[in-house]
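Student: dropping the sequence and predicted coords here.
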Amino acid sequence: MADDRARRVRELIQPLLVKPGSKVDLSKDFDPRYKAGFLRKQDGQELLQTGISLLADYQRRLAAQSTYGILVCLQALDAGGKDSTIRHVMSGINPQGVQVSNFKVPSAEELDHNYLWRYTCRLPARGEIGIFNRSHYEEVLVVRVHPENLDRQQLPESARRGDIWQRRFREINDWERHLFDNGFKIVKLFLNLSKEQQRIRFLKRIDVPDRNWKFSAADVRERKWWDDYQKAFSDMLSETSTEWAPWYVVPADRKWFARICAAAVLAHTLIEIDPQYPTVSKQRLEELRAVRAELEREAPAGAESDPYASGRHQKNRQVNKKSKK
Ligand code: AMP
Ligand code: MG
């Protein structure tokens with residue numbers, strides 16, 4: 001059963017994977033409207049709910065084990081659905097184990113440091129899932145498409161010589177490798193939206209009063225650089241999809257399908273880690289039993305000495321057996 005679930009998750013996400021070393025041309029290689037053929041929206045709802053409860057279960061174990069951490073990087077153009085993907089996919093997860101970080105135009109303090117500094121400050125701890133809503137990849141996306149951002153980074157002349165983007169790709173790959181080698185898995189999701197679907201979503205933000213707050217004229221102006229972004233995304237996917245931190249291109253024109261895919265990629269990572277609840281030593285178990293005996297002796301007259309051991313509260317629980325006297 002568990003193996004079957006893992007296989008289905010693998011099959012679903014396999015077409016979204018950017019094979020490390022492959023050269024991506026976004027306009028040809030990934031269709032924003034892809035929906036894996038066999039799925040209808042109604043099926044999707046059920047599947048997403050299954051995925052969400054699976055994530056919740058694994059996340060509890062991840063937190064209890066406290067050995068691995070997960071960093072989820074979400075990239076997309078405006079209206080790609082980053083916020084709503086986070087809201088839906090993480091809806092079943094204990095908020096204590098998750099930290100969402102939004103990255104906007106860097107502050108003066110951030111610009112006073114190296115370009116990876118602000119992302120390092122927000123990395124998850126062991127046992128946690130950290131979500132980057134936009135991420136260090138902005139450093140090879142918006143900064144590349146609008147070079148005036150680079151001018152603001154106060155780099156020395158030597159750091160601007162040569163192919164700065166190739167160097168950043170290498171530095172990012174090395175940084176992620178370091179995290180991976182030390183127990184932090186990186187899930188990289190690019191929500192791939194079509195230009196037409198972006199136009200429709202912007203119109204919705206204008207037409208539906210509850211969405212007005214999301215509308216930004218600057219986002220619409222940014223459409224002028226659509227082709228430059230597509231090229232920058234294609235390069236990013238080609239150069240930074242690695243064995244240790246591969247990219248997944250999530251078709252984003254249908255939000256319901258994007259959510260399923262995002263949940264599936266995260267589930268895949270958790271299944272691979274397969275975190276386990278820590279078990280206690282024999283000696284500790286003996287200690288627990290001694291304390292139990294003491295608590296049992298304190299039971300008031302007429303009360304069960306240990307309702308858990310008697311089975312009344314035993315549903316879905318394993319109870320440490322009584323030791324033989
Ligand atoms: P939003 O996510 O819509 O609130 O917008 C955040 C804005 O911050 C976007 O326009 C991004 O392009 C911009 N942004 C994020 N990271 C950087 C960065 N490193 N350099 C410059 N702009 C950035
Ligand atoms: Mg925006």
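Tutor: Ah, there it is. Ligands and ions are numbered 1, 2, ... in the order given.
Student: pull the longest helix from the protein.
Tutor: Across the chain, the longest stretch assigned as helix under DSSP state H is helix 41-65.
Student: for that helix, list every residue counted as buried.
Tutor: Judged by neighbour count (16 or more other C-beta atoms under 10 Å), helix 41-65 contains these buried residues: 44, 47-48, 51-52, 54-55, 58-59, 61-63, 65. C-beta here means a position set from N, CA and C on the backbone, and glycine is covered the same way.
Student: just checking, what packs against that helix?
Tutor: With contacts taken as 3 or more C-beta pairs under 8 Å, 6 or more residues apart in numbering; DSSP states H and E, helix 41-65 sits against helix 82-89, helix 255-273.
Student: most packed of those?
Tutor: Neighbour counts (mean count of other C-beta atoms under 10 Å) averaged over each of the helices and strands packed on helix 41-65 peak at helix 255-273, with a mean of 22.
Student: same for that one, what does it pack against?
Tutor: Counting contacts by 3+ C-beta pairs under 8 Å, 6+ apart, helix 255-273 is packed against helix 2-13, helix 41-65, strand 69-76, helix 82-89, strand 184-192, strand 247-251.
Student: again, only using 6 Å
Tutor: helix 2-13, helix 41-65, helix 82-89, strand 184-192, strand 247-251 (3 or more C-beta pairs under 6 Å, 6 or more residues apart in numbering; DSSP states H and E).
Student: could you dump those to CSV with distance to Leu237 and mean pLDDT?
Tutor: Formatted as CSV, the helices and strands packed on helix 255-273 follow (distance: least, C-beta to C-beta, whole Å; pLDDT from 0 to 100):
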stretch, distance to Leu237, mean pLDDT
helix 2-13, 15, 87
helix 41-65, 24, 91
helix 82-89, 17, 96
strand 184-192, 7, 98
strand 247-251, 5, 98
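Student: would you list these in CSV and tack on distance to ligand 1?
Tutor: As requested, these are exported to CSV (distance: least, C-beta to the nearest ligand atom, whole Å):
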stretch, distance to ligand 1
helix 2-13, 25
helix 41-65, 24
helix 82-89, 7
strand 184-192, 12
strand 247-251, 17
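Student: ok, the spatially closest residue to Leu16 that is not a sequence neighbour to Ala258 distance?
Tutor: Take Leu16 and drop its neighbours on the chain: the residue closest to it by C-beta to C-beta, 6 or more residues apart in numbering is Tyr248, 4.4 Å away. Relative to Ala258, Tyr248 is positioned 11 Å away (C-beta to C-beta, to the nearest Å).
Student: got the domain ranges for the protein?
Tutor: In the assignment given by automatic domain parsing, the structural domains of the chain cover 2-273, 283-324.
Student: quick check, distance from the longest helix of the chain to the centre of its chain.
Tutor: Centroid separation for helix 41-65 versus its chain: 13 Å, with C-alpha atoms, centre = their mean, to the nearest Å.
Student: contacts for it?
Tutor: Residues outside helix 41-65 that contact it (C-beta atoms under 6 Å, 6 or more residues apart in numbering): 92-93, 97, 127, 256, 259-260, 263, 267, 270, 275-277.
Student: noted, bye for now.
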